[in-house]
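# here is my input, please return the structure:
(one chain, ligands or ions: 1)
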Amino acid sequence: MSSFSESDLPVKPIPGGYGIPFFGAIADRYDYYYNQGRDKFFASRIQKHRSTVFRTNMAPGPFNASDPRVICLLDAVSFPILFDTSKVEKRDVFTGTYMPSTTFTGGYRVCAYLDPSELKHTLIKRFFFSILSTRHDQVIPLLRSHLSELFIKLEDKVSQKGEASFNTISDNELFNFVFRLYCGKHPTETNLGSKGPTLFELWVYPQVAPLGSLGLPGWLLPINLVEDFFLHTLPFPAWTLKWDHKKLYDSIYNSATEALDEAERIGISREEACNNLLFVLGFNTYGGVKIVIPTIMKWVGLAGVGLHKQLAEEIRSVVKEEGGVTFGALDKMTLTKSVVWEAMRIEPPVQFQYAKAKEDLVIHNHDTAFKVKKGEMLFGYQPFATKDPKIFENPEEFVGNRFVGEGEKLLNYVYWSNGRETENPKEEDKQCPGKNLVEVMCRVFLVDFFLRFDTFTVEIGKPALGPTVTIKSLNKASSSL
Ligand code: HEM
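This next block holds a predicted model:
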């Protein structure tokens with residue numbers, strides 16, 4: 001039976017279902033991790049239900065998540081309901097249908113888990129905006145000094161060994177940059193020594209472990225059963241990493257004194273602000289750039305020498321005209337900006353977004369409207385939304401200049417920051433406050449790369465958290481400024 005919605009689209013019941021309690025969730029989990037894999041899991045259900053909106057259970061399910069039932073949104077039109085905090089609640093859904101123990105965050109629910117209706121959300125987000133604005137002028141010079149180290153190491157490795165693992169070198173240098181930006185000290189000057197990246201990773205991975213898998217084939221069932229039991233069934237005993245959290249906490253507490261003073265002025269205790277800063281530094285920023293920068297290297301590397309030449313030309317001529325790498329210069333680089341957005345579109349760094357309906361709602365995709373009941377969980381798998389063939393031509397193809405000129409209109413459908421690319425984050429929404437910083441970082445990365453090099457080739461490994469990139473060759477710039 002279908003009636004008509006306000007948008008004149010026919011209202012139909014949401015197809016799909018959850019199966020028998022517990023067993024349905026386990027069956028969907030096995031399809032998702034082992035029998036089908038992530039993309040096939042979603043694509044096969046779109047085909048089966050002839051709809052980009054349907055009901056299913058989402059991993060991890062029992063016993064990590066108390067309720068795995070979701071309504072999946074897999075197109076560019078239904079997805080943005082997740083951004084509308086007047087209609088949906090974002091309380092404790094940052095990691096999805098389960099939430100890691102607050103023991104990881106000193107007993108606090110940090111900003112990413114707060115709904116904008118909670119006063120703390122506004123205060124903490126204000127704190128982040130303040131940190132970012134006071135560091136605005138340091139970003140470009142500080143980042144460039146770390147990129148210089150990064151590229152020297154990369155070049156040395158390629159000339160000695162004939163190839164270089166990009167991720168390790170880039171992770172270390174970008175971590176140093178991020179720590180210095182927020183805390184004002186090099187991490188080696190703190191109790192972390194040179195172990196900062198490892199100690200942060202040790203703290204981040206268990207929080208997202210229920211979402212991951214080694215990705216072994218379905219026929220290796222005995223190994224998969226063991227993995228499924230340890231990763232997806234039981235919550236990680238967070239207390240075993242209390243020592244690690246303490247070490248990270250102390251490093252920030254003792255170095256980010258200026259930022260913590262500012263938090264107190266805003267009305268947040270030092271302890272709560274420090275736990276929030278720890279999360280933003282280690283999870284949001286380091287965890288994010290660890291994925292984003294290799295993703296850019298992957299797609300630009302695979303695009304080949306034609307795009308490299310165009311990027312080098314644009315970057316070198318604008319830097320010459322503007323007399324340096326400035327915010328103004330970055331803004332003039334239309335191709336460079338488009339390449340960054342295209343990488344974020346084709347492989348969004350954070351792929352899952354969740355929200356609960358605050359009230360009975362009508363949502364719609366391209367051709368149908370659906371009724372959602374208050375309290376139901378909405379779930380968007382972003383790569384399907386930003387590769388919606390009804391919006392993007394050749395959605396599976398990396399088109400470097402997709403967002404140049406008229407193409408800029410399509411930025412309305414780029415969602416990597418948990419909001420439209422055409423909008424900016426605010427205290428009262430859930431859009432990523434690091435949106436501008438991340439994009440500046442990506443642009444400066446490309447600028448410095450193509451000021452130094454003409455072209456490069458890559459080999460892409462099996463993705464873990466983001467792609468693994470090996471640089472196979474690196475050609476130094478033949479023309480300078
Ligand atoms: C590096 C790449 C980054 C990516 C891909 C990324 C992505 C995201 C996404 C998708 C969300 C929304 C999650 C959700 O609620 O479903 C988010 C939220 C958030 N991000 Fe980022 N982010 C990045 C960097 C940063 C940086 C540099 C900061 C520094 C301030 C930051 C701070 C936050 C915070 C505090 C939230 C929660 C926002 C709120 O509660 O209103 N992120 N980010």
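# for the closest residue to the ligand within the stretch 351-481 of the chain, give me its contacts.
Residue nearest to the ligand within the stretch 351-481 of the chain (Cβ to the nearest ligand atom): G434, separated by 2.2 Å. To be clear about C-beta, it is placed using only N, CA and C from the backbone, and glycine gets the same treatment. By Cβ atoms under 8 Å, 6 or more residues apart in numbering, the residues touching G434 are F128, L132, V280, N284, T285, G288.
# state the pLDDT value of it.
Note on G434: pLDDT of 98.
# over to it: give its phi and psi.
For G434, the backbone dihedrals are phi -90, psi 10 (criterion: degrees, to the nearest 10).
# give me the distance between it and T103.
25 Å (Cβ to Cβ, to the nearest Å).
# repeat that for F403.
Distance, F403 to T103, by Cβ to Cβ: 42 Å.
# got the residues of the chain near the ligand?
Residues of the chain lying near the ligand by Cβ under 6 Å from any ligand atom: 90, 94, 111-112, 114, 121, 125, 128, 132, 280, 284-285, 288-289, 292, 349-350, 353, 416-418, 430, 432-434, 437-438.
# buried ones only from these, please, as a ChimeraX command.
Filtering the residues of the chain next to the ligand down to the buried ones (16 or more other Cβ atoms under 10 Å) takes a single ChimeraX command:
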select :90,94,111,112,114,121,125,128,132,280,284,285,288,289,292,349,350,353,416,417,418,430,432,433,434,437,438
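# related to what we said a few turns ago, who's more crowded, F403 and T103?
Set F403 next to T103 and count neighbours by other Cβ atoms under 10 Å: F403 wins out with 23 against 15.
# element containing the closest residue to that one other than its chain neighbours?
With sequence-adjacent residues excluded and distances taken as Cβ to Cβ, 6 or more residues apart in numbering, F403 is closest to S338, at 4.0 Å. When elements are assigned from DSSP states H and E, S338 belongs to helix 334-346.
# so what's L202 closest to, chain neighbours aside?
In space, L202 is closest to D244, 5.5 Å off (Cβ to Cβ, 6+ apart).
# so which bits of the host helix or strand of the one you found are buried?
Assigned by DSSP H and E, D244 belongs to helix 242-255. For helix 242-255, a neighbour-count test (16+ other Cβ under 10 Å) marks D244, H245, K247, L248, Y249, S251, I252, Y253, S255 as buried.
# in TSV, list those residues along with pLDDT.
Listed next are these as TSV, based on pLDDT from 0 to 100:
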residue	pLDDT
D244	98
H245	98
K247	98
L248	98
Y249	98
S251	98
I252	98
Y253	98
S255	98
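# ok, so of the residues you listed, who is nearest the ligand?
I252 (13.8 Å).
# contact partners for that closest one?
Y182, C183, C274, L277, L278, L281 are the contacts of I252 under Cβ under 8 Å, 6+ apart.
# can you show me the helices along the stretch 151-300 of the chain?
Along the stretch 151-300 of the chain, the segments classed as helices by DSSP state H, counting those that start in this stretch run 166-183, 196-208, 221-227, 242-255, 257-266, 270-279, 287-303.
# of all these, which one is nearest A357?
Of all these, it is helix 196-208 that lies closest to A357, at 25.1 Å by Cβ to Cβ.
# hmm, who's touching the closest one?
For helix 196-208, the surrounding residues in contact (Cβ under 8 Å, 6+ apart) are 95, 100, 104, 171-172, 175-176, 179, 187-188, 190, 192, 236, 238, 241, 244-245, 247-248, 251, 281-283, 286-287, 465.
# of the residues you listed, keep whichever come out buried.
By 16+ other Cβ under 10 Å, those give 95, 100, 104, 171-172, 175-176, 179, 187, 190, 192, 236, 238, 241, 244-245, 247-248, 251, 281-283, 286-287, 465 as buried.
# what's the pLDDT at the nearest residue to R38 once chain neighbours are set aside?
Excluding its sequence neighbours, the residue lying closest to R38 (Cβ to Cβ, 6+ apart) is Y32, at 6.5 Å. Confidence at Y32, expressed as pLDDT, is 95.
# before we move on, what about L481?
At L481, the pLDDT value in this model is 54.
# and the residue nearest to R38, what does it touch?
Residues near Y32 by Cβ under 8 Å, 6+ apart: R38, F41, M58, A59.
# apply 10 Å and report the result again.
R38, K40, F41, F42, T56, N57, M58, A59, P60, G61, S213, H232 (Cβ atoms under 10 Å, 6 or more residues apart in numbering).
# what's the answer for P433, then?
Counted by Cβ under 10 Å, 6+ apart, P433 has contacts 111, 124-129, 131-132, 280, 284, 417, 424-427.
# neighbours of the residue nearest to G96 when sequence neighbours are not counted, how many?
Distances taken as Cβ to Cβ, 6+ apart place Y354 nearest to G96, at 5.1 Å, with adjacent residues excluded. As a burial measure, Y354 scores 19 neighbours (other Cβ under 10 Å).
# the strand or helix carrying Y354 - contacts with which helices or strands?
Using DSSP H and E, Y354 sits within strand 352-357. Using 3 or more Cβ pairs under 10 Å, 6 or more residues apart in numbering; DSSP states H and E, the elements in contact with strand 352-357 are strand 69-73, strand 88-89, strand 369-372, strand 377-381, helix 382-385.
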